[in-house]
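Enquirer: okay, predicted coordinates and the sequence, questions at the end:
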There are 2 protein chains.
Amino acid sequence: MRVKVLGSAAGGGFPQWNCACSNCSRLRQGTLKGKPRSQTQVAIGVGERWLLLDASPDLRWQIESTPELTPKPTENDPARQTPILGAVLTCADLDRVLGILLLREFQPFTIYVTDSVHRILSEDNSMFRMLHRTDRQVLWQPITPGKVFEVAGMPEIRCEPVAMAASYPEYVSAERRSQLARNEAVIGLRIEDTASARKMLYLPSLPQLDDALMQQISNCDLLLADSAFWDNEELVRVRGSGRSAKEMGHLPVSGPDGTLERLRSATRPQKVYIHINNTNPILDEASPEFKQVKKAGFTVARDGMEFEL
Amino acid sequence: MRVKVLGSAAGGGFPQWNCACSNCSRLRQGTLKGKPRSQTQVAIGVGERWLLLDASPDLRWQIESTPELTPKPTENDPARQTPILGAVLTCADLDRVLGILLLREFQPFTIYVTDSVHRILSEDNSMFRMLHRTDRQVLWQPITPGKVFEVAGMPEIRCEPVAMAASYPEYVSAERRSQLARNEAVIGLRIEDTASARKMLYLPSLPQLDDALMQQISNCDLLLADSAFWDNEELVRVRGSGRSAKEMGHLPVSGPDGTLERLRSATRPQKVYIHINNTNPILDEASPEFKQVKKAGFTVARDGMEFEL
């Protein structure tokens, strides 16, 4: 199984269109030791078949920047085709689902999603009807936290949703919220390649680390973990108001209960920080924070990185 | 007034993620004489203030590729800011409106839109609530075909919506459709810089050319005109089924009633073809079709082109 990081920034990307924070400004001026990053997007591949983990708003550019994901026509193939079999959605956040609407060009594929997130998208957002203009277009496949599911066309892969203690996005109405399962709001994904028996955990939202999750992390070979913010008040300082990292469902990297300290004991997996907000100092490779993370054995994800499991 | 073309392709862009037509395949292989193009997006600027015409799904990349549109902080400015004052939406098609959701980062700006399109976005798509997380975020300003409106912060500009004979997108329900004004589905924009007294017409959807519109075209200085398809059956041939160009609300470029022939008599404006579908042979600068269009005095838009009015 190949694991490709197509995008590694949090929502808004790096730089963010309306942000003139130190990171964004220096990146635009060319004075930052660091790279631009598109919004978090991962694809896993077996042979020439690919599955998207989430669907970022940058997906069109991310696909086109990745030759493996573009059409490979042979003589008698139809002009419209793709090596992408489907996408698993981990929540209803715009930076995880908008990319689905970019794949609306009459292309058959499968979306694996909890019933609750499916209802938000298909019942509360008429634009998703663009995925159902022909009979054979998009298939929604319900998935459930704790239950392993198979990916059509990729029998080598076993995938298990892991419920995260986080809530639905702000745009979901109170009425809709009352009808949804709490444990289906945000999931992580545990993905195993049965051929190599190697496992990855994809946790782009990490609101808390309990014992059960720590055990899963200690037993995997590759961890892609949320690192939206370095500290809890980071975004409040830039914006002048708003919610803390933890209130937004993101454990910060630093501090005694931060992921850097808490994940120290997990020695088996390769640990990769992904979903990095434009304000996070680890984007600056000359910063003490970047050096601290590297010294602790973490990799800071960049667009285009690839892992083999 | 500066007119910047940030994107010039039709919906899906060029190349399109799932397309292996001759144009897309040769572009990916590097054997096409032509350039990749993002989805149609125009911005008009007066001094350092900018107004978007529509909001393409590629808007994050389009803004970041255009230094004029990125934040320019001075010492005491807040970290979050933008020179973009707002956007005018010409219809509810996904390739014209999805970009609005990319501008959701608590940034105040104004959206100029017909009441009908506003209802589709805000009443039928809960995701647009992300634009209203704080009191001072997005302001929706109703506009009406035939009525000149002013753009807040750009008093030099006069803008007039021109009703086009086209319908609402496929995702709009029959019930909602029955409540909407027919002439508000798709508009073009007539924009005048009162300082220079020069006028442009922005017509990214051109379903028909009647006498009134022909007269407006003959009286403008710059025409940005829909050129989605070269001929009426172009997309049907690639997809193997589906609707013709005219059925989709796009006059083809070629043929006796095509725009190339019909616009021949308009000699005043600089004529620019925009909103070009990935299948259109004018994207291939070695093609007879490209040469025919150039010989007739048209410019084929490219991303990054700029006009001064």
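Expert: Nice, thanks for sending it over. Numbers count the residues shown, from 1 in each chain, chains lettered A, B, ... in the order given.

Enquirer: now the strands for the stretch 151-300 of chain A?
Expert: A:154-163, A:187-193, A:198-203, A:222-226, A:270-274, A:298-300 (DSSP state E, counting those that start in this stretch).

Enquirer: mind putting the ones you listed into CSV with mean neighbour count and distance to residue A:122?
Expert: C-betas here are computed from N, CA, C, even on glycine. Output for the strands of the stretch 151-300 of chain A, formatted as CSV (neighbours: other C-beta atoms under 10 Å in any protein chain shown; distance: least, C-beta to C-beta, whole Å):
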stretch, mean neighbour count, distance to residue A:122
strand A:154-163, 18, 19
strand A:187-193, 23, 18
strand A:198-203, 23, 24
strand A:222-226, 26, 26
strand A:270-274, 22, 28
strand A:298-300, 21, 36
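
Enquirer: what sits against the residue nearest to residue A:183 when sequence neighbours are not counted?
Expert: If you skip the residues right next to it in sequence, residue A:183 has residue A:163 as its closest partner in space, 4.1 Å away by C-beta to C-beta, 6 or more residues apart in numbering or on different chains. Contacts were defined as C-beta atoms under 8 Å, 6 or more residues apart in numbering or on different chains; by that measure residue A:163 touches A:145, A:146, A:183, A:184, A:186, A:187.

Enquirer: my guess is the fourth one meets residue A:118, correct?
Expert: No: with contact defined as C-beta atoms under 8 Å, residue A:184 does not reach residue A:118; the gap is 9.2 Å.

Enquirer: quick one, which of the two is more surrounded?
Expert: residue A:184 (23 against 20; other C-beta atoms under 10 Å in any protein chain shown).

Enquirer: contacting residues for that one?
Expert: With C-beta under 8 Å, 6+ apart as the criterion, the residues that contact residue A:184 are A:114, A:115, A:116, A:117, A:144, A:145, A:163.

Enquirer: closest to residue A:198 out of the residues you listed?
Expert: The shortest gap between residue A:198 and any of the contacts of residue A:184 belongs to residue A:145, at 22.4 Å (C-beta to C-beta).

Enquirer: you'd agree that closest one is in a strand?
Expert: No: the assignment for residue A:145 (DSSP: H, G, I helix; E, B strand; the rest coil) gives coil, which keeps it out of a strand.

Enquirer: and it, how many neighbours?
Expert: 16.

Enquirer: ok, it to residue A:172 distance?
Expert: Here residue A:145 is placed at a distance of 18 Å from residue A:172 (C-beta to C-beta, to the nearest Å).

Enquirer: and residue A:18, by the same measure?
Expert: For residue A:18, the distance to residue A:172 - C-beta to C-beta - is 24 Å.

Enquirer: scan the contacts of residue A:184 and report the most crowded one.
Expert: Neighbour tally across these (other C-beta under 10 Å): the maximum, 29 neighbours, falls on residue A:117.

Enquirer: go ahead and produce PDB holding the CA coordinates of stretch A:301-308.
Expert: Coordinates of the C-alpha atoms in stretch A:301-308 are reproduced here as PDB (Å, rounded to 0.1, in the frame of the first residue of the first chain):
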ATOM      1  CA  ALA A 301       4.200  16.500   6.400                       C
ATOM      2  CA  ARG A 302       4.800  18.300   3.100                       C
ATOM      3  CA  ASP A 303       2.600  18.000   0.000                       C
ATOM      4  CA  GLY A 304       3.900  15.200  -2.200                       C
ATOM      5  CA  MET A 305       5.400  13.000   0.600                       C
ATOM      6  CA  GLU A 306       4.900   9.300   0.100                       C
ATOM      7  CA  PHE A 307       5.100   6.400   2.500                       C
ATOM      8  CA  GLU A 308       5.100   2.600   1.700                       C
END
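
Enquirer: and it, average pLDDT?
Expert: Taken as a whole, stretch A:301-308 carries a mean pLDDT of 98.

Enquirer: equivalent analysis for stretch A:79-87, please.
Expert: Averaging the model's pLDDT scores along stretch A:79-87 yields 94.

Enquirer: can you get me a residue count around the one residue in the stretch 151-300 of chain A that gets nearest to chain B?
Expert: Proximity of the stretch 151-300 of chain A to chain B (C-beta to the nearest C-beta) peaks at residue A:171, 4.1 Å away. Neighbourhood size, residue A:171 [other C-beta under 10 Å]: 23.

Enquirer: ok, the closest residue to it other than its chain neighbours - contacts?
Expert: If you skip the residues right next to it in sequence, residue A:171 has residue B:129 as its closest partner in space, 4.1 Å away by C-beta to C-beta, 6+ apart. Under the criterion of C-beta under 8 Å, 6+ apart, the contact list for residue B:129 reads A:170, A:171, A:173, B:122.

Enquirer: and of these, the nearest to residue B:133?
Expert: Closest approach between the contacts of residue B:129 and residue B:133, by C-beta to C-beta: residue A:170, at 5.8 Å.

Enquirer: any idea of the angle the helix or strand containing residue A:51 forms with strand A:222-226?
Expert: In this assignment (DSSP states H and E), residue A:51 forms part of strand A:49-53. Strand A:49-53 runs at 30 degrees relative to strand A:222-226, counting by axes from the mean of the first three to the mean of the last three C-alpha atoms, to 10 degrees.

Enquirer: starting from strand A:49-53, tell me which strands it pairs with and how they run.
Expert: Sheet pairing for strand A:49-53, assigned by DSSP bridges, gives strand A:41-46 (antiparallel), strand A:84-88 (parallel).

Enquirer: list the contacts for the nearest residue to residue A:177 once chain neighbours are set aside?
Expert: On the basis of C-beta to C-beta, 6+ apart, the spatially nearest residue to residue A:177 that is not a chain neighbour turns out to be residue A:168, at 5.7 Å. Residue A:168 makes contact with A:91, A:92, A:116, A:120, A:176, A:177, A:180, A:185 under the criterion C-beta under 8 Å, 6+ apart.

Enquirer: could you dump the residues you listed into JSON lines with pLDDT added?
Expert: JSON lines is the format used below for those (pLDDT from 0 to 100):
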{"residue": "A:91", "pLDDT": "98"}
{"residue": "A:92", "pLDDT": "98"}
{"residue": "A:116", "pLDDT": "98"}
{"residue": "A:120", "pLDDT": "98"}
{"residue": "A:176", "pLDDT": "98"}
{"residue": "A:177", "pLDDT": "97"}
{"residue": "A:180", "pLDDT": "98"}
{"residue": "A:185", "pLDDT": "98"}
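
Enquirer: so of those, which ones are in helices?
Expert: Secondary structure from DSSP state H places A:116, A:120, A:176, A:177 of these in helices.

Enquirer: where's the second one relative to chain B, distance?
Expert: Looking back up the chat, that one is residue A:120. Distance, residue A:120 to chain B, by C-beta to the nearest C-beta, to the nearest Å: 7 Å.

Enquirer: farthest-apart pair in the contacts of residue A:163, please.
Expert: Within the contacts of residue A:163, two members stand farthest from each other by C-beta to C-beta: A:146 and A:186, at 14.2 Å.

Enquirer: ok, those two, which is more surrounded?
Expert: Using other C-beta under 10 Å, the more surrounded residue of residue A:146 and residue A:186 is residue A:186, with 29 against 10.

Enquirer: the more buried one against residue A:207, yeah?
Expert: Yes: the pair residue A:186 and residue A:207 passes the contact test of C-beta under 8 Å, sitting 7.3 Å apart.

Enquirer: between the two, what contacts are shared?
Expert: Contact criterion C-beta under 8 Å, 6+ apart; residues bridging residue A:186 and residue A:207 by contacting each: A:164, A:166, A:249.

Enquirer: near chain B, which residues of the stretch 151-300 of chain A?
Expert: A:169, A:170, A:171, A:172, A:173, A:176, A:238, A:239, A:240, A:242 (C-beta under 8 Å from any C-beta of the partner chain).

Enquirer: quick one, what contacts the last one?
Expert: Residues in contact with residue A:242 (C-beta under 8 Å, 6+ apart) are A:235, A:236, B:106.
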